[in-house]
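Enquirer: Here is my input; please provide its structure:
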Amino acid sequence: MTAFTPQEQQRIKDTVAKVELTTSGEIVPIILPQADSYTATSCRVGALIALAVTTFASWWHPELAYWSIALTLIGSFILATLLLRALPGVRRYCIGREEINFRVEEQALASFVRHGLHHTRDATGILILVCMFERRVQVLADRGINEKVAQQQWDDIVLTITSGLKSGNSCDALCSAIEKCGALVAPHFKRRTDDTNELPDLIHH
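Expert: Sure thing, here's the model as predicted:
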């Protein structure tokens, strides 16, 4: 998954700014390369592969010296972890859907608090978290909005973005989702005359 270009980032910011002219909702897209480093999982999988390779080598060549076995173990571990890093599809498969979902949800909650989306004047913060490696999206809204908008409507917005990630139309999909967020909240949270832009229009790492 490639990062958003500077031009795409500016387009996303412009879309947020345009939508926020119609509502007091504060929309914050956050784009992360990945939700977590998954270091423990990579090490665990690398160790299992290294153990399997070393066991096979010892069986195939029973006369291997201890130092050769040690080098095989270390070398295959390093090679396995490098391959996992170079092949994101294989790495996602090794990590597993359950852990990925958990890490993305955890990152969404942490980001919501870290970036102050729970501190807006009317409790109208909306987080759109896009995790590129995982190809996962989380949408979290503050209590003021959740009282008015059903979860199914947020799920539709998530589907819009994830479909774009998979098809290679990430920027178009995210901009469309931002506009849909605005359409959902604008009828309930009109823009006030003294509204200010309380939160960033895009956070990109």
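
Enquirer: my guess is Leu109 meets Leu140, correct?
Expert: Yes - with contacts counted by Cβ atoms under 8 Å, Leu109 reaches Leu140, the gap being 7.3 Å. Where you see a C-beta, it was placed from the backbone N, CA and C, and this is true even at glycine.

Enquirer: Now for these two: what residues contact both?
Expert: Common neighbours of Leu109 and Leu140, using Cβ atoms under 8 Å, 6 or more residues apart in numbering, do not exist here.

Enquirer: okay, the two: which has more neighbours?
Expert: Leu140 (20 against 14; other Cβ atoms under 10 Å).

Enquirer: need the contact list for the spatially most central residue of the chain.
Expert: Centroid-nearest residue in the chain: Cys131, 1.6 Å away (criterion: Cα atoms, centre = their mean). Residues in contact with Cys131 (Cβ under 8 Å, 6+ apart) are Leu32, Pro33, Gln34, Ala35, Val104, Gln107, Val137, Gln138.

Enquirer: So what's the predicted local confidence for the residue nearest to the second one when sequence neighbours are not counted?
Expert: Using Cβ to Cβ, 6 or more residues apart in numbering and skipping the chain neighbours, the partner closest in space to Pro33 is Met132 (5.5 Å). Met132 is assigned 92 on the pLDDT scale.

Enquirer: What is the burial count for Met132?
Expert: Met132: 19 neighbours (other Cβ under 10 Å).

Enquirer: Quick check: closest non-adjacent residue to Glu134.
Expert: Leaving out its chain neighbours, Glu134 is closest to Ile100 (Cβ to Cβ, 6+ apart), at 5.0 Å.

Enquirer: quick revisit: so the residue nearest to the centre of the chain versus Asp156, what's the distance?
Expert: 19 Å (Cβ to Cβ, to the nearest Å).

Enquirer: Please apply the same query to Glu134.
Expert: 20 Å.

Enquirer: And for Thr124?
Expert: On the measure of Cβ to Cβ, Thr124 and Asp156 end up 19 Å apart.

Enquirer: again with Lys190
Expert: Taking Cβ to Cβ, one finds Lys190 at 23 Å from Asp156.

Enquirer: And for Leu129?
Expert: For Leu129 relative to Asp156 (Cβ to Cβ), the value is 16 Å.

Enquirer: element containing Phe176?
Expert: Just so we're on the same page, residue 176 is Ser rather than Phe. Using DSSP states H and E, Ser176 sits in helix 170-185.

Enquirer: what do you get for Phe112?
Expert: Short version: Phe112 belongs to helix 97-114, going by DSSP H and E.
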